[in-house]
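Q: Attaching a predicted model along with its sequence, questions to come.
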Amino acid sequence: MSPSSPTGNPIALPPQDVPSHPLSDLLLRNIDKALDAIGLHNYPTIKEIIYVLAIVGLAFLIGWVCRIFLLWLARLYVRMKNTDTGHALLDEHVLTRCSHIIPPIVIMILTPFALQSGNYAGHIVVKCMIIYVMVAFAIAINTVLAFIWKRIDTRDNTAKHPLQGVLSLAQGVVWIVVTIIGAALVLDKSPLSLLAGLGAFAAALMLIFKDSILGFVAGIQLSDNDMVRVGDWIVVPSTIANGIVVDVSLTTVKVQNWDNTIVTLPPYMLVNSSFQNWRGMSDSGYRLISRSILVDADTVREPDADMIAEISKLPGMADFIATTQKNGIKYDPGVACVNGTASTNLGLLRAYLCIYLLHHPLIGTTQQLLVNLLQPTENGLPLQIYCYTTTAWTAYEAVQSEIFEHVAAVAPKFGLQIFNAPSGIDLTNALEAQKR
C-alpha cells in the first residue's frame, strides 16, 4: 500500500533507478551532454534509440578491438614458435570467426542499463541479442570443430578414415542444442519442456532426416569396420561407381570414376549391398594377372628330337628337359615354381612360361604363380597365366601385354598355334590355295 501524507494524499515515489555499470554510466553521461547540446534531452524515445545505437556501435568497436588484439597475439605466437597449428589458426580465420561472439554479448549486457525498467523495446532487444549470441556461439564452436577435424585429418593414421561424417554429426548436434537453448531463453521456458514437446514431432523429424539418420548409422559401420576410406578404389556393381573415393561424409560418398565423372552414393547403399574394395591389392603391393590365351588343340603333340633340340636353346629349358628326362616329372607344391612336362609340346610351353615369369623383374616370386589349362572349349585349349605384378596401372598393363605378346610369339617354336577366328586374310589364302 502506498504511504500517505498527513493530509491523506498519497506520496509520489521517485522512479526506480536503472542498474548502474561504470561503462554504461560513462556512455550515458556523454550521450546526455550531446543531447542537451542539440536540444533533444526532453524526448525519451529518441534518447533511448540513440542510447541503443551508441551501445551497438560501441559493442562492434569493442569486438573489432578484441579481434585485432587476438590476431596480434596469434601472429606474435606464430613468430615465436613457428608452429603449423598457429599458421592454421590464422589461415583458416578461426580467431576472427570466434570473435564475432563479443559484440552481441556487450550489447546484451549494456542495453538494460540504457533503457528504463520494464521497457518493452529493451526486452525485444535483449531477446534479439540472445538469438544473436546463440548463433555466433554455434558458429564459433563449429569453426573450432572444423579446425580440430582438419588437424586430425592430416595425420597419417587418420587421414584416410571417414571422419567427415563425425564432424557433420557434431556440428549438427551443436546447432540442435543451440537452437533448443536459444528458443527456451527467448520463450522463457525450460529446455526440457521444449524437448518433451518435440516428442510429438519425432515421426516427422525421422522422415525429414531419414537420409541423415541412415547415413550416420552407415557411416559409423563404415568407419568402425574400416570398410572404405578416402583414396580407396571401389567398384559398386549395382551402380556406375568404379573409381577412387574422394569424400566420405554423413550423407554421401563421392567416387571419382576413371573418366573423371563423379558418382554420389548414400553410405547406407555400401552397407546394405556388396561392393568391391581394391585397397587390399594396393596395400599388398601386388596385383593379379589372370588371363588366358587359346591354343589350337590340333597342334598339341609329343615333341620329336628336333623340336626338343630347338626348345633346349631357350633360356632355362635345357636344364629342365635334362632333369625331367632323367628324374621324371616333379610336382612342386610351392607357390612359385616350374611346373610342366617334357611329354608334350604344350607341357614344354608351360614349363618355359613358368621359367620366363620367375625371371621377369616385375613378377612377384613370393606370390602364387601358375601356368595351367582351363576347361577346353570349342575354340581350343585356354592356357591361363596366373601371377602377380606391380599395382601401378600403367606398368601393370604393360607387363600383362608383354607377357601375352611373348606367348603369341614363342608358341610357334613349340609347334603350337594360337587360335583365332578366320579373318579376311585367311579366306583369301584359302581361295588362292584352291586356285593353285
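A: Received it, and whenever you're ready, just let me know what you need.
Q: Local confidence estimate at residue 253?
A: The model reports residue 253 with a pLDDT of 89.
Q: Neighbours of the residue nearest to residue 94 when sequence neighbours are not counted, how many?
A: Once its chain neighbours are removed from consideration, residue 94 has its nearest residue in residue 147; the separation is 5.0 Å (Cβ to Cβ, 6 or more residues apart in numbering). C-beta here means a position set from N, CA and C on the backbone, and glycine is covered the same way. Summarising burial for residue 147: neighbours were counted as other Cβ atoms under 10 Å, giving 18.
Q: What separation is there between residue 147 and residue 84?
A: For residue 147, the distance to residue 84 equals 12 Å [Cβ to Cβ, to the nearest Å].
Q: got the contact list for the residue nearest to residue 94?
A: 88-89, 92, 94 (Cβ atoms under 8 Å, 6 or more residues apart in numbering).
Q: cool, residue 222 as well?
A: Taking Cβ under 8 Å, 6+ apart as the contact definition, residue 222 lies against 162, 228, 248, 267, 270-271.
Q: And the helices in the stretch 301-436 of the chain, which stretches?
A: Chain-ordered helices for the stretch 301-436 of the chain, with DSSP state H, counting those that start in this stretch as the definition, fall at 305-311, 317-327, 345-358, 393-410, 424-435.
Q: quick one, which of the ones you listed is nearest to residue 135?
A: When the helices of the stretch 301-436 of the chain are ranked by distance to residue 135, counting by Cβ to Cβ, first place goes to helix 393-410 at 48.7 Å.
Q: list the helices and strands that closest one packs on?
A: Contact analysis of helix 393-410 by 3 or more Cβ pairs under 8 Å, 6 or more residues apart in numbering; DSSP states H and E lists strand 287-295, helix 345-358, strand 381-389 as its packing neighbours.
Q: rerun that using 7 Å as the cut-off
A: Judged by 3 or more Cβ pairs under 7 Å, 6 or more residues apart in numbering; DSSP states H and E, the packing partners of helix 393-410 are strand 287-295, strand 381-389.
Q: Columns mean pLDDT, mean neighbour count and distance to residue 375 on top of those, output as JSON lines?
A: As requested, the helices and strands packed on helix 393-410 are exported to JSON lines (pLDDT from 0 to 100; neighbours: other Cβ atoms under 10 Å; distance: least, Cβ to Cβ, whole Å):
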{"stretch": "strand 287-295", "mean pLDDT": "95", "mean neighbour count": "17", "distance to residue 375": "10"}
{"stretch": "strand 381-389", "mean pLDDT": "95", "mean neighbour count": "21", "distance to residue 375": "7"}
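Q: Rebuild those as JSON lines, extending it with distance to residue 178.
A: Converted to JSON lines, the helices and strands packed on helix 393-410 look like this (distance: least, Cβ to Cβ, whole Å):
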{"stretch": "strand 287-295", "distance to residue 178": "50"}
{"stretch": "strand 381-389", "distance to residue 178": "55"}
